[in-house]
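> Just need the structure, nothing else, for what follows:
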Amino acid sequence: VRTYVRDDAGTVQYVNMMEADVAFAEVGTPTWDGLPLDRYLSLLDMLNPMHRLWSDGRWNKLTVAHGCYWKKCSFCDVGLDYIGRYEGASAQVLADRIEAIVAETGQTGFHFVDEAAPPKALKALATELIERNAGISWWG
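The predicted model follows:
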């Protein structure tokens, strides 16, 4: 969807299937099944403490919502689909995804990679994780 493809002859075409986007709450849980996660290197590219937080060890990447709830930054192009179309998922759905990822990877650290982390959703998720006694670390 919304992709440019070059075929073997070098011809470029734009593929824009007319199928509706999958709702964020229904996209499913990311999986790393089959990847040798224990063989990935942990690299530090600089000594800056923030960069170390981003790079040292393995963080499961996950989004709390699709797009941006705010849409008021002057530098941002909210006309782009991945920013302008804001959709969330319930705290229960997000916590289920987190539990599935922990069960698969054995890693309890999460980096939420949202365009803009929605405070209301983060609070609801934190409350749900506390109720489940999830025992994870997260940042975004």
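> And the strands in the chain?
Using DSSP state E, the strands of the chain run over 3-6, 12-15, 60-62, 65-66, 87-88, 109-112, 137-139.
> quick one, which of those is packed in tightest?
strand 65-66 (a mean of 22; mean count of other Cβ atoms under 10 Å). Any C-beta I mention is one placed from the backbone N, CA and C, and that applies to glycine too.
> Give me the contact list for it.
For strand 65-66, the external contacting residues (Cβ atoms under 8 Å, 6 or more residues apart in numbering) are 24, 82, 85-89, 114, 118, 121.
> so what's residue 97 up against?
29-30, 62.
> of those, the lowest pLDDT goes to which?
In terms of pLDDT, the lowest of those is residue 30, showing 91.
> Could you give the number of residues near that one?
Applying other Cβ atoms under 10 Å, we find 15 residues neighbouring residue 30.
> Pull the helix or strand of the chain with the lowest mean pLDDT out as CSV, backbone CA atoms only.
Taking mean pLDDT, DSSP states H and E as the measure, the helix or strand of the chain with the lowest value is helix 49-55, at a mean of 72. Output in CSV follows, covering the C-alpha atoms of helix 49-55 (Å, rounded to 0.1, in the frame of the first residue of the first chain):
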residue,chain,number,x,y,z
PRO,A,49,23.9,8.6,28.7
MET,A,50,20.7,9.1,26.6
HIS,A,51,22.3,7.3,23.6
ARG,A,52,23.4,4.6,26.0
LEU,A,53,19.8,4.2,27.1
TRP,A,54,18.7,3.8,23.5
SER,A,55,21.5,1.4,22.5
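> Centre of the chain to it, how far?
Here helix 49-55 is found 18 Å from its chain centre; the criterion is Cα atoms, centre = their mean, to the nearest Å.
> what comes up buried for that helix?
Of all the residues in helix 49-55, not one is buried under the rule 16 or more other Cβ atoms under 10 Å.
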